[in-house]
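*Asks:* Here is my input; please provide its structure:
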Amino acid sequence: MASRGRRWLRWVIAVVVAVAVLAVAGPYVYFHFVEGSTPAPLSLKAGASQSASSGSGSGSGSGSAQDDSDSVAGSWKAGSGSQVGYRVQEVLVGQAHTAVGRSSSVTGQMVITGKTVQTARFTVKMATIHTNSSQRDAQFDGRIMDVAAYPAGTFTLTRPISLAPLPAPGKIKAYTATGNLTLHGQTRSVTFPLKAERTAGGIDVAGSIPVLFSKWNIPNPSFTGFVTTQNHGILEFLLDFKHA
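*Replies:* Predicted structure coming up:
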């Protein structure tokens with residue numbers, strides 16, 4: 001009888017240990033082998049023969065060809081290579097992971113007069129932002145962002161951006177943008193850094209905007225008892241501009 005009791009106790013202990021191992025290993029396997037690696041942040045990548053310039057424009061060159069404002073003046077349209085998305089840190093049973101959603105359904109236009117960006121406005125259809133998890137996307141479309149009620153996210157520039165001195169093609173230069181960001185039906189002023197590069201085909205612009213969920217009345221993405229997230233995330237973008 002005593003030996004039977006000991007066998008039962010060992011069996012119970014083995015089951016408890018197995019459950020504990022699965023609770024830790026399950027999320028690890030899911031994140032690393034099912035979801036795969038996390039996409040890198042959206043960013044500009046200068047050519048191997050080109051070096052990035054500093055935010056002050058040092059090393060960007062100031063020759064007449066490089067400073068020719070005619071090459072950038074006019075209306076520009078966000079092209080097919082543009083992307084907008086989000087990055088949010090989440091934890092599933094002790095395993096940290098970065099959730100990344102992306103959309104290529106981006107429209108927008110900017111107007112440059114001389115060497116100054118005078119106006120700019122961009123829109124993304126929220127329902128087109130997807131991750132590699134249909135369950136996460138369902139939460140994003142419904143409980144979190146309510147894309148049926150708030151179908152679009154927009155950014156409108158409210159302060160002109162001086163591009164002078166214009167960097168040489170292939171050089172990356174840093175700027176600061178200020179505008180109104182509308183998410184979940186709420187509009188808030190934001191100021192953030194971005195980087196731009198003149199290319200053979202147009203202008204590429206990349207950057208990121210910190211988003212505190214409560215500031216835009218966005219419910220915390222945490223799913224009680226399953227996934228917890230930080231109270232903020234990152235809105236990232238890569239815009240490929242072509243002359244309109």
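*Asks:* so residue 80 sits in a helix?
*Replies:* No - read with DSSP: H, G, I helix; E, B strand; the rest coil, residue 80 is coil and lies in no helix.
*Asks:* can you list the domains in the protein?
*Replies:* 1-34, 40-243 (automatic domain parsing).
*Asks:* tell me the mean pLDDT over the first one?
*Replies:* By that I understand domain 1-34. Averaging pLDDT along domain 1-34 yields 52.
*Asks:* sorry, back to before: export the domains of the chain as a markdown table, with columns for mean neighbour count.
*Replies:* Heads up, the C-betas are built off the backbone N, CA and C, glycines and all. Listed next are the domains of the chain as a markdown table, based on neighbours: other CB atoms under 10 Å:
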| stretch | mean neighbour count |
| --- | --- |
| domain 1-34 | 11 |
| domain 40-243 | 16 |
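*Asks:* hey, least reliable of those domains by pLDDT?
*Replies:* With a mean of 52, domain 1-34 has the lowest mean pLDDT of the domains of the chain.
*Asks:* which residues does residue 162 contact?
*Replies:* The contact partners of residue 162, taken as CB atoms under 8 Å, 6 or more residues apart in numbering, are 115, 116.
*Asks:* how far away is it from residue 196?
*Replies:* 12 Å (CB to CB, to the nearest Å).
*Asks:* Also residue 236?
*Replies:* 15 Å.
*Asks:* try residue 234
*Replies:* 19 Å.
*Asks:* Likewise for residue 184?
*Replies:* 28 Å.
*Asks:* now do residue 219
*Replies:* 34 Å.
*Asks:* again, but for residue 111
*Replies:* 15 Å.
*Asks:* now do residue 212
*Replies:* Counting by CB to CB, the gap from residue 212 to residue 196 is 26 Å.
*Asks:* And for residue 73?
*Replies:* In terms of CB to CB, residue 73 sits 15 Å off from residue 196.
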